[in-house]
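Visitor: Sequence first, predicted coordinates after that:
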Amino acid sequence: MKAYLANGLFSIGDRLVNEMLAKEIRKELPEIDLYVPQENDAINDKQAFANSIAIAEADMEKLQNSDVLIAVLDGIEVDSGVAAEIGAFSTYNRPIIALFSDVRQLGRENQQKINALVEDGTENQFIYRNLFVIGIIKRNGVIVSTVDAVVENVKRYLKEEKQ
């Protein structure tokens, strides 16, 4: 199985999340061929040069050849590159597993939070994600909130692929 890990890669936080997620996936699924763009120095060594077409072609080739997309939705907004990768990958009708670990998802059953939002839209205790992006993911995949759930879903898709 080939998989593509989509996340931002420019901040130390994003790079550490990518390393941790890739390490866990590879540990639990040693047979997986996981592409992590930040590991592709040909296009992402920022001391060197790669133009936009080289970057797009390199990543599109990996997206086209992947069986599953693992996309991280964390951050202030979904990273624009990740959103583009989700959109491009969705045209293949293959599974997308999205990791959304933002703690503002907690307390959805808390009526005080709901009432505050109804009374004053600026008292939003929750987090918003673009509904088009969310819908694209849900058409062929899942959104989970832990690394363990990402791994379990990749295992599930791998098992389904073998059948």
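Guide: Received, thanks. Numbers count the residues shown, from 1 in each chain.

Visitor: can you tell me which residue is nearest the centre of this structure?
Guide: residue 71 (1.1 Å; CA atoms, centre = their mean).

Visitor: neighbours around the closest residue to it other than its chain neighbours, how many?
Guide: Once flanking residues are discounted, residue 71 sits nearest to residue 6: 4.3 Å by CB to CB, 6 or more residues apart in numbering. Where C-beta positions appear, they are placed from N, C-alpha and C, glycine not excepted. Counted with other CB atoms under 10 Å, the neighbours of residue 6 add up to 30.

Visitor: What residues of stretch 44-51 count as buried?
Guide: Neighbour-count burial for stretch 44-51, counted by 16 or more other CB atoms under 10 Å, picks out 44, 50.

Visitor: just to revisit the earlier point, what does the helix or strand hosting the residue nearest to the centre of the chain rub up against?
Guide: Residue 71 belongs to strand 68-72 when assigned by DSSP states H and E. Residues from elsewhere that reach strand 68-72, judged by CB atoms under 8 Å, 6 or more residues apart in numbering: 1-8, 14, 17-18, 21, 25, 63, 79, 82, 85-86, 89, 94-100, 137, 141, 150, 154, 157.

Visitor: got a list of contacts for stretch 39-55?
Guide: In contact with stretch 39-55 (CB under 8 Å, 6+ apart) are residues 9, 22, 37, 38, 58, 59.

Visitor: Which SSE is immediately downstream of the helix or strand bottoming out on mean pLDDT in the chain?
Guide: Lowest mean confidence among the helices and strands of the chain (mean pLDDT, DSSP states H and E): helix 41-44, at a mean of 82. Where DSSP H and E defines the elements, the next helix or strand beyond helix 41-44 is helix 52-64.

Visitor: tell me the angle of that following helix relative to strand 68-72?
Guide: Relative orientation of helix 52-64 and strand 68-72, computed by axes from the mean of the first three to the mean of the last three CA atoms, to 10 degrees: 120 degrees.

Visitor: Give the buried residues for helix 52-64.
Guide: So, applying 16+ other CB under 10 Å, buried residues of helix 52-64: 55, 58, 59, 62, 63.
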